[in-house]
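Novice: Predicted coordinates and the sequence they were generated for:
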Amino acid sequence: MNNLIRELKWRGMIQDIMPGTEEQLNKEMTTAYVGFDPTADSLHIGSLVPILLLVHLQKAGHKPIALVGGATGMVGDPSGKSEERNMLSLDELQKNITGVRNQLARFLDFSPERTNAAELLNNYDWFSPISFLDFIRDVGKHITVNYMMAKDSVKKRLESENGMSFTEFSYQLVQGYDFYWLHQNWNCKMQMGGSDQWGNIVTGTELIRRKNGGEAFAFTCPLIKKSDGGKFGKTEKGNIWLDPSKTSPFQFYQFWLNASDTDAESWIKIFTFLDETFIETLIAEHRQNPSARLVQKKLAEELTRFVHGQEELDKSIETTQKLFSTSTVSATELSVDDLQNMEGIVKSSFDISRLETGIDILTFLSETKVFESKGAARKMIQNGGVSINRNKVTDPNSLSEKNWLLHGRFVLVQVGKKNYFLIECD
RNA sequence: GGGCAGUUACCAGAGUGGCCAAAUGGGGCGGACUGUAAAUCCGCUGUCUUUCGACUUCGGUGGUUCGAAUCCACCACUGCCCA
């Protein structure tokens, strides 16, 4: 059993830790859990850190429990939210629970022959039989409102103009009860999560202590931020999801590849399992020659493999090379195969005869759905953001030309540096 | 139930009869510089359109007016305080 806490510390994955946690982990195989809220039908990369905590835990010989919040999801966690959230419909919630469950199941080892096999639980299972009256008698009685109001997540909302509903106020009790229940039924002594969960987690340990004098431990990991202060995990296209149908493996790979130098250095420690010496050496090399972006490449590689598998990683690298490494090479050198098999490209079709006769470029771009309208296409061309076959279009009034056609039928349109469209003409 | 404040574009937030498609900031998108970075600078950001112009927007409905985001009436919703 290696020292989990020391390992996580050098990776920068520990924010707060309860006294005695390290001793507990060193003493015996410990069961620990992380909760995941089913706010969407897929997890996004923000949930990756808590997932990794569970994986590290299991690697260190302890028993991980991944908890899907079927019950807590019905209440809504106020932590870090400046206003009351909309409630999800039960249908949506059910769909989300299934989606999240399936994803979590991929990252942990559930083989029953392991003594520390992972478990996947849904807190709805133990909450549904509890009546409201039972709950406020058995749980509510142990925690004072004064205690609950002192929590940061609550205090902030009480001070804001928006207020807070009783539902969200109760959230910490609901989550606290999870910990208590797991402590009773699974001998779960530890909870982990993002640092925004600290308040909720502490309510849980408090409940365990007050209800039956039990001992419980916890630590949290820092919330990931970008060095420029932007939100982590968001891009122009929105969230980076783990579900390949929402964020393609290529886009996923690209996200990590585009990390800034400072971010990449801390992220590679957090998001990969590479060991300390390897990472230190890599960072040193990277600083010698930052333009090679060794850290970003390794980070993108490790993570894409972890989430999507080797095969998808290979495809993503291949597409990346075709789209970016050869960007100085003219488009005519791309083979039919290259064009057709590149991932992360939007494809559409167009009537070849109209193109050959010479059609104005605005009509072409709007009808192929590269742009919503001629006006939008015009603006972007005037801004210098459109290329055809890697040649910048300068005049919005120009006409199409026969020699646009690659291999007699393809046109490669580029908006900005990173958005590619392949128009097949026949 | 009573009193007060409010509802403006993706978000925050100005505007309180015409100069308003609506300040400013953030975000987003594009460009330059670079390394598919960061920082910086520049452009775009209601819709459609050959920059003319047309059309639709300021919680909803109706009204006053030559003219309404702005004034009036009613309705809806939100927050705060009191009961």
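Specialist: Nice, I can see it. Residues are numbered from 1 along each chain as shown, chains lettered A, B, ... in the order given.

Novice: From now on I want contacts and neighbour counts done on CA atoms only, so please keep to that.
Specialist: Fine.

Novice: Show the backbone phi and psi for the residue of the stretch 251-400 of chain A found nearest RNA strand B.
Specialist: Residue nearest to RNA strand B within the stretch 251-400 of chain A: A:Ser260 (2.6 Å; Cα to the nearest atom of the strand). Backbone torsions of A:Ser260, given as degrees, to the nearest 10, read phi -70, psi 160.

Novice: and A:Ala218, how many neighbours does it have?
Specialist: 23 (other Cα atoms under 10 Å).

Novice: okay but it is in contact with A:Asn200, surely?
Specialist: No: at 10.9 Å, A:Ala218 does not count as touching A:Asn200 under the criterion of Cα atoms under 8 Å.

Novice: following the helix or strand harbouring A:Trp181, which helix or strand shows up next?
Specialist: When elements are assigned from DSSP states H and E, A:Trp181 belongs to helix A:171-186. Remark: after helix A:171-186, the chain's next helix or strand is strand A:188-194, criterion DSSP H and E.

Novice: Please export the C-alpha coordinates of that following strand as PDB.
Specialist: Only the C-alpha atoms of strand A:188-194 are listed here, as PDB (Å, rounded to 0.1, in the frame of the first residue of the first chain):
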ATOM      1  CA  CYS A 188     -17.000   3.900   4.300                       C
ATOM      2  CA  LYS A 189     -14.800   6.100   6.400                       C
ATOM      3  CA  MET A 190     -13.800   8.700   3.900                       C
ATOM      4  CA  GLN A 191     -15.200  11.100   1.400                       C
ATOM      5  CA  MET A 192     -13.400  13.000  -1.400                       C
ATOM      6  CA  GLY A 193     -14.500  15.700  -3.800                       C
ATOM      7  CA  GLY A 194     -13.800  19.100  -5.300                       C
END
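
Novice: which neighbours does it have in its sheet, and in what orientation?
Specialist: Sheet pairing for strand A:188-194, assigned by DSSP bridges, gives strand A:31-36 (parallel), strand A:217-221 (parallel).

Novice: C-terminal to it, what's the next element?
Specialist: Assigned by DSSP H and E, the successor of strand A:188-194 is helix A:198-212.

Novice: Give me the buried positions along that next one.
Specialist: Using 16 or more other Cα atoms under 10 Å as the test for burial, helix A:198-212 gives A:198-208.

Novice: closest to A:Lys151 among these?
Specialist: Of all these, A:Lys151 sits closest to A:Gly199, with 6.0 Å by Cα to Cα.

Novice: what's the closest non-adjacent residue to the closest one?
Specialist: Sequence neighbours aside, A:Lys151 is the residue nearest to A:Gly199 in space, at 6.0 Å (criterion: Cα to Cα, 6 or more residues apart in numbering).

Novice: and what of A:Ala300?
Specialist: A:Trp256 (4.8 Å).

Novice: need the contact list for the one you found.
Specialist: A:264, A:296-297, A:299-300 (Cα atoms under 8 Å, 6 or more residues apart in numbering).

Novice: and if we set it to 10 Å?
Specialist: Contacts for A:Trp256 were tallied using Cα atoms under 10 Å, 6 or more residues apart in numbering; they are A:233, A:263-264, A:267-268, A:295-304.

Novice: In helices, which of those fall?
Specialist: Per DSSP state H, helices hold the following members of these: A:263-264, A:267-268, A:295-304.

Novice: check contacts around A:Lys211.
Specialist: By Cα under 10 Å, 6+ apart, the neighbours of A:Lys211 are A:138-139, A:141-143, A:180, A:205.

Novice: Any stretches of chain A with poor pLDDT?
Specialist: A:1-2, A:80-87, A:160-162, A:229-231, A:233-238, A:325-330 (pLDDT under 70).

Novice: Near RNA strand B, which residues of it are found?
Specialist: A:158, A:161-164, A:228, A:230, A:235-237, A:254, A:257-261, A:290-293, A:320-321, A:324-325, A:372-376, A:379-380, A:383-386, A:415-419 (Cα under 7 Å from any atom of the strand).

Novice: Tell me where chain A has strands.
Specialist: Using DSSP state E, the strands of chain A run over A:31-36, A:63-68, A:119-122, A:188-194, A:217-221, A:234-235, A:238-239, A:346-350, A:386-388, A:391-392, A:410-415, A:419-425.

Novice: Dump the ones you listed into TSV; add distance to A:Ser316 as well.
Specialist: What follows is those, written out as TSV (distance: least, Cα to Cα, whole Å):
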stretch	distance to A:Ser316
strand A:31-36	28
strand A:63-68	29
strand A:119-122	31
strand A:188-194	30
strand A:217-221	30
strand A:234-235	18
strand A:238-239	19
strand A:346-350	15
strand A:386-388	23
strand A:391-392	24
strand A:410-415	18
strand A:419-425	15
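
Novice: Which among these is found nearest to A:Val336?
Specialist: That would be strand A:410-415 among the strands of chain A, by Cα to Cα, at 8.5 Å.

Novice: Just give me how far the closest one sits from the chain centre.
Specialist: 30 Å (Cα atoms, centre = their mean, to the nearest Å).

Novice: just the strands paired with strand A:188-194: most buried one?
Specialist: strand A:31-36 (a mean of 25; mean count of other Cα atoms under 10 Å).

Novice: what angle do that strand and helix A:171-186 make?
Specialist: Here strand A:31-36 points in a direction 140 degrees away from that of helix A:171-186 (axes from the mean of the first three to the mean of the last three Cα atoms, to 10 degrees).

Novice: A:Leu362 is in contact with A:Lys374, isn't it?
Specialist: Yes: using Cα atoms under 10 Å, A:Leu362 is in contact with A:Lys374, at 5.2 Å.

Novice: Residues in contact with both of those two, list them for me.
Specialist: A:Pro396.

Novice: who's more crowded, these two?
Specialist: More neighbours surround A:Leu362 than the other of A:Leu362 and A:Lys374, with 22 against 17 (other Cα under 10 Å).

Novice: wait, what's in contact with the more buried one?
Specialist: Here A:Leu362 is in contact with A:368, A:371, A:373-378, A:381, A:396-400 (Cα under 10 Å, 6+ apart).

Novice: now do 6 Å
Specialist: By Cα atoms under 6 Å, 6 or more residues apart in numbering, A:Leu362 lies in contact with A:Lys374.
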